[in-house]
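S.K.: kindly return the folded structure for what I paste below:
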Amino acid sequence: MLRKLTALAGTAEVVRRYAKKNPEKINKLADQAGRFVDKRTKGKYHNQIDGAVRKVRQVTGDDARG
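M.R.: Predicted structure coming up:
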């Protein structure tokens, strides 16, 4: 169990670094994914999806909605 958590933490750090280096790509993909999921759920989870996309933008350093 501890090994799995360690591997997950390492992967999360790699993803975080990639997001910092490529914020435009990450933000574009997050927006696309958010719209896709929102459409598939017919807006039922719009606030939660929007919150997740905002969190991604915080990680990439782009807090403004574009």
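
S.K.: who's in contact with the longest helix along the chain?
M.R.: When the chain is parsed with DSSP state H, its longest helix is helix 2-21. The contact list for helix 2-21 (C-beta atoms under 8 Å, 6 or more residues apart in numbering) reads 26, 56, 59-61. Where C-beta positions appear, they are placed from N, C-alpha and C, glycine not excepted.

S.K.: show me which of the residues you listed is closest to Thr41.
M.R.: Nearest to Thr41 among the contacts of helix 2-21, counting by C-beta to C-beta, is Val56 at 18.0 Å.

S.K.: could you measure from Lys20 over to Arg3?
M.R.: Relative to Arg3, Lys20 is positioned 26 Å away (C-beta to C-beta, to the nearest Å).

S.K.: look at these two and report which has more neighbours.
M.R.: Neighbours per residue, other C-beta atoms under 10 Å: of Lys20 and Arg3, the larger number sits with Lys20, 12 against 7.

S.K.: other SSEs contacting the helix or strand containing Lys25?
M.R.: Assigned by DSSP states H and E, Lys25 falls within helix 23-40. Applying 3 or more C-beta pairs under 8 Å, 6 or more residues apart in numbering; DSSP states H and E, one finds that helix 23-40 contacts helix 46-60.

S.K.: report all helices and strands that the helix it packs on contacts.
M.R.: Judged by 3+ C-beta pairs under 8 Å, 6+ apart, the packing partners of helix 46-60 are helix 2-21, helix 23-40.

S.K.: if we go to 6 Å?
M.R.: When contacts are defined as 3 or more C-beta pairs under 6 Å, 6 or more residues apart in numbering; DSSP states H and E, helix 46-60 packs onto helix 23-40.

S.K.: tell me the average confidence for the helix it packs on?
M.R.: Per-residue pLDDT over helix 23-40 has a mean of 95.

S.K.: alpha carbons only: can I get it in PDB?
M.R.: The C-alpha coordinates for helix 23-40 follow below in PDB (Å, rounded to 0.1, in the frame of the first residue of the first chain):
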ATOM      1  CA  PRO A  23      -0.100  25.900 -19.000                       C
ATOM      2  CA  GLU A  24      -1.700  26.700 -22.400                       C
ATOM      3  CA  LYS A  25      -2.000  23.000 -23.300                       C
ATOM      4  CA  ILE A  26      -3.300  22.000 -19.900                       C
ATOM      5  CA  ASN A  27      -5.800  24.800 -19.700                       C
ATOM      6  CA  LYS A  28      -7.100  24.000 -23.200                       C
ATOM      7  CA  LEU A  29      -7.500  20.300 -22.400                       C
ATOM      8  CA  ALA A  30      -9.100  21.000 -19.000                       C
ATOM      9  CA  ASP A  31     -11.600  23.300 -20.700                       C
ATOM     10  CA  GLN A  32     -12.400  20.700 -23.400                       C
ATOM     11  CA  ALA A  33     -12.800  18.000 -20.800                       C
ATOM     12  CA  GLY A  34     -15.000  20.100 -18.600                       C
ATOM     13  CA  ARG A  35     -17.300  21.000 -21.500                       C
ATOM     14  CA  PHE A  36     -17.400  17.300 -22.600                       C
ATOM     15  CA  VAL A  37     -18.400  16.100 -19.100                       C
ATOM     16  CA  ASP A  38     -20.800  18.900 -18.600                       C
ATOM     17  CA  LYS A  39     -22.500  18.100 -21.800                       C
ATOM     18  CA  ARG A  40     -22.600  14.400 -21.100                       C
END
